[in-house]
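J.: here's a sequence, model it:
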Amino acid sequence: MNLNHPWKKNVLKRLILSFICILLPLYILSMLIYNWGVRTLEDEISKSMISQVSQYYSGLEEEFKRIQTLQYDVLSDDNLNALGAIPESMNDIEKMQSILRLQQRLNAIRNSSAYIVDVYAHIPAIQKNVSALTISSFNPEEYDDFKNIPLSLDSKLINMNGKTYLSASYPFVTPESKKWPLFIVVIEISKDKLKENMKKMVNSPGEGLVFKSSQFEITTSHDAHFDLAAASQMLSDVDPNTAQTVTITNKQYLAVYSYSHFFGAVLSKYVPVHAVFQPLEKYRNWFVLLLLVSFAIIVVYSLYVYKYIHKPLYKLVKAFRKVEHGDFNEQIDHDFNDEFQYIYTRFNAMLENLKSLIDQVYKQQLLTHKAELKQLQSQINPHFLYNSFFILNTMTRLGDYDNLERFTNQLGEYFQFITRGDSDEVLLGREINHAKVYSEIQAMRFAKRNRIEFGELPENVGHIMVPRLIVQPIIENAFKYGLEKKSANGILNVHFARTENELLLIVEDNGEELTDEQIRALNESLARPDEAETTGLLNIHQRIRLKFGQNSGLYMERSELGGLKATIRIVISDGGM
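T.: Numbering: from 1, shown residues only. Here you go, the predicted model:
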């Protein structure tokens, strides 16, 4: 596991994500409830506006139906029928009396509704126009206009010369007919009164009503631009008794439409959206506040988790990392009396115990290896000393003074290296030189039976510090177990190999004593460092591994010469350079 990147973020992320996953369903549920509540309130407000407009429109329609009923009743008035059908049967006084009685009837209709400006009776037979207020001369053009009103009009209200009327004739004739009605009763409707009454439906600034048909258009607004835009909205297809949001003069309005077959017109009320749904703003504000508070809670929770969980945990992991790299002096503390303080305290105590145990084991191991080394040296020196004295005796007896001088110098160098054992490590160059001196001494001893080949140490490695006596005992082992019993043609080859990361010290012989089973047993013993009995080769192997790491050490195999091949591997990257 990479302790530098993923772990540092994973735990904190998981804690925060788990907290968000807990809150998220609550947020979603709150949002669904909020949206459901808003839609419900919007529907209720829209229905209330539709009901308000529909009730107003129904009342207006009922009023005009009542006016129209009075208008149709006038058509059967005796005075009007006598004046229109048989005026010649009456004298002037009777005509005037009939006109006055008709005028009273028309005036009663006029006074029955605030929407009526005047009521007219166009009577061509007496060439008079009788109204509730005046009696005037007959106007043929005006009469023709009312007579020629097309039947295709779907509105009972007609617009003519800027005025609005309800018209009824007797008898009813089509515009294509060449017959003339006996009389036409016309009621002039007050647009101002309609507009004034419509304004009662306006509850707040910004609202507006539009009453529009193919014949007329009445609005409550004083803004001509708004009136035009609102009217254009109504020209498009609209569903009656519905509410929808429209844009007029770059502002959004909630428009409520109601259609009347009697008027053949649409009554529409426009209310600014912000005014209609203003009560909902506080709920939106509360919801936004909830989101902000929730976000703040997540931030506070994240900071809390980071400070009280993530940081202490990461500090502990960093401490473990240092211990993993061999730093046992790490001490961690915690300012709060919680579980982490207990863990930190036990961690520090564990490190102290671990350091104590490691120190004991290391010192014990070091003392053991020193004792083994001293014991090995004591074993080597007397045996070698005996052989050296025998060689000196032979050379003196034979008078071989040239070789005697060289041999004594080599013995001096050998014992000088052995006796100066105050340090457990030595330069590799000196260790190899000592092994070479020992090989030359042995070569003089076995000159007739064995040949020794000693290669040159590679450059730039002679300064490496190595444990003392790691090469010479291997050469001695080769003579003792491989070449000592050969009567002739014995070969000892010491050579070196260098790669980028390792140095190999190789000792080979052509002895015939060791079998493959013995070589395998040697390797198995080297692979078990906990052996109760430590041999010389195992001692060398362990000291090399302690110095240069687990990948270094002593390895045995069958030599191409036929005997044993012992290889000391020193991994330079592990501390050799």
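
J.: in what helix or strand does Leu83 lie?
T.: If you go by DSSP states H and E, Leu83 is part of helix 78-85.

J.: output that helix as PDB, restricted to C-alpha atoms.
T.: Taking Å, rounded to 0.1, in the frame of the first residue of the first chain, the C-alpha atoms of helix 78-85 are listed here in PDB:
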ATOM      1  CA  ASP A  78     -97.500  47.800 -28.100                       C
ATOM      2  CA  ASN A  79     -96.400  51.400 -28.500                       C
ATOM      3  CA  LEU A  80     -93.300  50.400 -30.500                       C
ATOM      4  CA  ASN A  81     -95.200  48.000 -32.700                       C
ATOM      5  CA  ALA A  82     -97.900  50.600 -33.400                       C
ATOM      6  CA  LEU A  83     -95.300  53.300 -34.300                       C
ATOM      7  CA  GLY A  84     -93.400  50.900 -36.500                       C
ATOM      8  CA  ALA A  85     -96.200  49.000 -38.200                       C
END
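
J.: tell me the mean pLDDT for it?
T.: Averaging pLDDT along helix 78-85 yields 88.

J.: ok, and what's touching that helix?
T.: Here helix 78-85 makes contact (C-beta atoms under 8 Å, 6 or more residues apart in numbering) with 74, 89-90, 95, 98-99, 101-102, 105, 121, 123-126, 128, 170, 182-183, 185. Quick note: C-beta positions are derived from backbone N, CA and C, even for glycine.

J.: domain map for the chain?
T.: 23-194, 195-276, 355-574 (automatic domain parsing).

J.: my guess is Ile309 contacts Leu15. True?
T.: Yes. Counting by C-beta atoms under 8 Å, Ile309 touches Leu15, with 6.9 Å between them.

J.: thinking again about what came up before, need the domains of the chain in TSV (columns: distance to Ala319 and mean neighbour count).
T.: Formatted as TSV, these follow (distance: least, C-beta to C-beta, whole Å; neighbours: other C-beta atoms under 10 Å):
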stretch	distance to Ala319	mean neighbour count
domain 23-194	34	16
domain 195-276	61	17
domain 355-574	14	16
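
J.: how about those in a markdown table, adding distance to Phe347?
T.: Rendered in a markdown table, the data for the domains of the chain read as follows (distance: least, C-beta to C-beta, whole Å):
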| stretch | distance to Phe347 |
| --- | --- |
| domain 23-194 | 34 |
| domain 195-276 | 63 |
| domain 355-574 | 13 |
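
J.: and the ones you listed, which one is worst for confidence?
T.: Here those differ in mean pLDDT, and the lowest is domain 195-276 at a mean of 74.

J.: chain center to that one: distance?
T.: Distance, stretch centre to chain centre, for domain 195-276: 47 Å (C-alpha atoms, centre = their mean, to the nearest Å).

J.: check stretch 110-130 too.
T.: The chain centre lies 79 Å from the centre of stretch 110-130; the measure is C-alpha atoms, centre = their mean.

J.: same question, stretch 102-120
T.: 77 Å.

J.: distance across that stretch, terminal residue to terminal residue?
T.: Taking C-alpha to C-alpha, to the nearest Å, stretch 102-120 runs 10 Å from one end to the other.

J.: hmm, who's touching it?
T.: 63-64, 66-67, 70-71, 74, 77, 79-80, 83, 121, 129-133, 135, 184-190, 193-194, 197.

J.: all strands of the stretch 151-300 of the chain, in order?
T.: Using DSSP state E, counting those that start in this stretch, the strands found in the stretch 151-300 of the chain span residues 157-160, 163-170, 183-189, 208-213, 217-219, 242-248, 251-260, 265-272.

J.: ok, now the stretch 401-550 of the chain?
T.: Counting by DSSP E, counting those that start in this stretch, the strands of the stretch 401-550 of the chain are 425-427, 450-454, 465-467, 490-498, 502-509.

J.: using a markdown table, lay out those strands together with distance to Thr242.
T.: Putting the strands of the stretch 401-550 of the chain into a markdown table (distance: least, C-beta to C-beta, whole Å) gives the following:
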| stretch | distance to Thr242 |
| --- | --- |
| strand 425-427 | 100 |
| strand 450-454 | 111 |
| strand 465-467 | 98 |
| strand 490-498 | 95 |
| strand 502-509 | 90 |
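
J.: and the helices in the stretch 251-400 of the chain?
T.: Secondary structure of the stretch 251-400 of the chain (DSSP state H, counting those that start in this stretch): helices located at 273-276, 278-305, 311-324, 339-398.

J.: reformat those as CSV; add distance to Gln442.
T.: Below are those laid out as CSV (distance: least, C-beta to C-beta, whole Å):
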stretch, distance to Gln442
helix 273-276, 110
helix 278-305, 73
helix 311-324, 47
helix 339-398, 9
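
J.: rewinding a little: okay, the strands of the stretch 151-300 of the chain in JSON lines with distance to Val299 next?
T.: Output for the strands of the stretch 151-300 of the chain, formatted as JSON lines (distance: least, C-beta to C-beta, whole Å):
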{"stretch": "strand 157-160", "distance to Val299": "66"}
{"stretch": "strand 163-170", "distance to Val299": "66"}
{"stretch": "strand 183-189", "distance to Val299": "67"}
{"stretch": "strand 208-213", "distance to Val299": "47"}
{"stretch": "strand 217-219", "distance to Val299": "53"}
{"stretch": "strand 242-248", "distance to Val299": "37"}
{"stretch": "strand 251-260", "distance to Val299": "35"}
{"stretch": "strand 265-272", "distance to Val299": "38"}
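
J.: and Val293, which of those strands is closest to it?
T.: strand 251-260 (29.8 Å; C-beta to C-beta).

J.: show me what the closest one is packed up against.
T.: Under the contact definition 3 or more C-beta pairs under 8 Å, 6 or more residues apart in numbering; DSSP states H and E, strand 251-260 sits against helix 6-75, strand 242-248, strand 265-272, helix 273-276.

J.: pairing partners for it, with directions?
T.: strand 242-248 (antiparallel), strand 265-272 (antiparallel) (DSSP bridges).

J.: for the residue lying farthest from the centre of the chain, phi and psi?
T.: The outermost residue of the chain relative to its centre, with distances by C-alpha atoms, centre = their mean, is Asn91 at 101.6 Å. Backbone torsions for Asn91, taken as degrees, to the nearest 10, come to phi -80, psi -180.

J.: got the angle between the helix or strand just after the helix holding Leu83 and strand 183-189?
T.: Beyond helix 78-85 on the C-terminal side, the first helix or strand identified by DSSP H and E is helix 92-111. Counting by axes from the mean of the first three to the mean of the last three C-alpha atoms, to 10 degrees, helix 92-111 lies at 30 degrees to strand 183-189.

J.: could you point out the helix or strand that follows helix 92-111?
T.: For helix 92-111, the following helix or strand on the C-terminal side (DSSP H and E) is strand 116-123.

J.: partner strands of that next one, with direction?
T.: With DSSP bridges as the test, strand 116-123 pairs up with strand 128-131 (antiparallel), strand 183-189 (antiparallel).

J.: any idea how far stretch 123-139 is from the middle of the chain?
T.: 86 Å.

J.: restricting to C-alpha, output that stretch in CSV.
T.: What follows is stretch 123-139 as a C-alpha-only set of coordinates in CSV (Å, rounded to 0.1, in the frame of the first residue of the first chain):
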residue,chain,number,x,y,z
ILE,A,123,-88.3,53.6,-36.4
PRO,A,124,-88.2,54.3,-40.1
ALA,A,125,-92.0,54.5,-40.4
ILE,A,126,-92.2,57.7,-38.4
GLN,A,127,-88.7,58.8,-39.4
LYS,A,128,-87.7,59.0,-35.7
ASN,A,129,-84.9,57.7,-33.5
VAL,A,130,-86.3,57.4,-30.0
SER,A,131,-83.9,57.0,-27.1
ALA,A,132,-84.3,57.0,-23.4
LEU,A,133,-83.1,60.5,-23.2
THR,A,134,-83.9,62.2,-26.6
ILE,A,135,-86.0,62.1,-29.7
SER,A,136,-84.1,62.7,-32.9
SER,A,137,-84.6,62.5,-36.6
PHE,A,138,-84.2,59.2,-38.3
ASN,A,139,-80.6,58.4,-39.5
